[in-house]
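Chemist: coords please:
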Amino acid sequence: TLVALHLRQLNYRHDVLIRALAQASDLDVSLTIMGAGPQRQELADLAHTLGVAARVTLAGWVSGTDKIDQLYANGVYVSACPTDGVSASLLEAMAVGLFPIVVDHVANRHWIDSGTNGLLVDGSSDSFTAAIRTVAAAPELVIRCRERNRRLVHERADLRHNSRQFVERFEALAGG
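Modeler: Numbers count the residues shown, from 1 in each chain. The predicted structure follows:
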């Protein structure tokens, strides 16, 4: 069973992910969406219309220990957000070793080497479907990237380390 997880508010093109799930109806795949927003009923209706309601969980807003448990219970993180800065949700997912399938844009390219520690897609439901099929056919991709993604986030997104570097660089620029 391939379980995909999305951690963003409900206004981040979740319909694309539900459509991709429907296009992969021959696979044992489900989608959990953690987030809140006025689109909840619209997304539930879409999942029902496309025949995938039983495979889509609209978990609502999840925080604390429950969120961590959900992260560890999943293998793949998906996001259809077309533009973004560095996504905290992406970093959270990578920090627990999830395999990201995200839209190919500048911020995501700083974190994802497509085919190595995640997949970059064009943002269409077809591209997400193809990525889901790739992961389903090669589950070793998910397993192989777990430790790499954990290590990458630890090395590059550690607040204490980055704060020290910022202060050191600022002092050097300020001449002090």
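Chemist: C-alpha from now on. contacts and neighbour counts both.
Modeler: Will do.
Chemist: might you list the low-confidence residue ranges for the chain?
Modeler: Residue ranges of the chain with pLDDT under 70: 1-11, 176.
Chemist: how many neighbours does Val153 have?
Modeler: When neighbours are counted by other C-alpha atoms under 10 Å, Val153 registers 19.
Chemist: helix or strand: which one has it?
Modeler: Secondary-structure assignment from DSSP states H and E places Val153 in helix 140-156.
Chemist: and that helix, what does it pack onto?
Modeler: Using 3 or more C-alpha pairs under 8 Å, 6 or more residues apart in numbering; DSSP states H and E as the contact criterion, the elements in contact with helix 140-156 are helix 88-95, strand 99-103.
Chemist: buried set for it?
Modeler: The neighbour-count check on helix 140-156 (16 or more other C-alpha atoms under 10 Å) flags 141-142, 145-153 as buried.
Chemist: quick one on the thing from earlier: among the helices and strands packed on helix 140-156, which is nearest Glu171?
Modeler: helix 88-95 (27.4 Å; C-alpha to C-alpha).
Chemist: re earlier: okay, the buried residues of helix 140-156 in a markdown table with distance to Glu42 next?
Modeler: Shown next, in a markdown table, are these (distance: C-alpha to C-alpha, whole Å):
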| residue | distance to Glu42 |
| --- | --- |
| Leu141 | 33 |
| Val142 | 31 |
| Cys145 | 34 |
| Arg146 | 33 |
| Glu147 | 37 |
| Arg148 | 37 |
| Asn149 | 33 |
| Arg150 | 35 |
| Arg151 | 38 |
| Leu152 | 36 |
| Val153 | 34 |
